[in-house]
Every structure is written in structure tokens, then in C-alpha cells.
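Asks: Sequence unavailable; structure follows:
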């Protein structure tokens, strides 16, 4: 038995691909809307909050223990003097909600979005 692709099969495949491309485009356009901020926390204290724009180019040095690089709308922990280097290996943060945490030095780098929408209310 030989299986052959028929005209109807091609139409279904094309429809599924177009639908997938439309969903991917909608998700990509929905994420870039609001303002994005990088927050640097050290021992439960907010050290700095920087708005990330396309022109952002900044390095934050925390007494030589951690070095944070803000470039464009991204942030990353460039270096740390801790042994495990988990915070450095986290990589580049690009979306609100992502974080890089250095537990030995008690430093947190997180991205926060300012979309103006209420996500949840807890009482």
C-alpha cells in the first residue's frame, strides 16, 4: 500500500500552520506592550529600580560581589563571587517575571512589568 498526500490533506496542513503562526504572532505582540523595570534587591532591601528601554546601557556593581548588566530591554548577572554561579548561569532576562537569584550573597535581580492590569486580588 502506498500512501499519498491528497489535496484535502494539504489544505488541512496549511490551515494548521497559519493558525499556529497567528497564535505565535499574537503572543509575541502581546508581550512587548508595557514598560519593563529591572529591580535589584539585596538582603530584602530594594537597591535600585531601573526602567529598561531600547537605549538602556548600565552596569551595577554591588561591592564587587555581584555585577549586573542592563542592556536594552534585557538584564543579566554578569559575575558573582559565589561558588555555585547559579545566578550567572541563569542567563539573560527578557520578560517580566523572570529573576536571577544569588543565594550566598542574598542578591535578587528581577524584571517587573508595568502593564496597569490587575493580575489577581487576594484577601
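Replies: Nice, thanks for sending it over. As the structure is a computational prediction, the values presented were derived from the model and not from experiment. Numbering: from 1, shown residues only.
Asks: Please make it C-alpha for all contacts and neighbour counts, starting now.
Replies: Fine.
Asks: same for the helix or strand harbouring residue 36, what does it pack against?
Replies: Assigned by DSSP states H and E, residue 36 belongs to strand 35-42. Packing partners of strand 35-42 (3 or more CA pairs under 8 Å, 6 or more residues apart in numbering; DSSP states H and E): strand 45-52, strand 107-114.
Asks: quick check, residue 105 in a helix?
Replies: No: using DSSP: H, G, I helix; E, B strand; the rest coil, the assignment for residue 105 is coil, not a helix.
Asks: was I right about it contacting residue 83?
Replies: No: look at residue 105 against residue 83 with CA atoms under 8 Å: they stay out of range, at 10.5 Å.
Asks: Of the two, which one has the most company?
Replies: residue 105 (15 against 7; other CA atoms under 10 Å).
Asks: tell me the contacts of residue 51?
Replies: 35, 36, 37, 38 (CA atoms under 8 Å, 6 or more residues apart in numbering).
Asks: And residue 51, how close does it get to residue 71?
Replies: Per CA to CA, to the nearest Å, residue 51 is found 11 Å from residue 71.
Asks: With residue 37 instead?
Replies: Distance of residue 37 to residue 71, given as CA to CA: 12 Å.
Asks: how about residue 73, what does it touch?
Replies: Counting by CA under 8 Å, 6+ apart, the residues that residue 73 touches are 36, 52, 53, 54, 56, 94.
Asks: Against which helices or strands is the least confident helix or strand in the chain by mean pLDDT packed?
Replies: Lowest mean confidence among the helices and strands of the chain (mean pLDDT, DSSP states H and E): helix 7-31, at a mean of 84. Helix 7-31 sits against no helix or strand, with contacts defined as 3+ CA pairs under 8 Å, 6+ apart.
Asks: what's the burial count for the nearest residue to residue 99 once chain neighbours are set aside?
Replies: Distance criterion CA to CA, 6 or more residues apart in numbering; nearest residue to residue 99, sequence neighbours excluded, is residue 110 at 4.1 Å. Neighbours of residue 110 under the rule other CA under 10 Å: 22.
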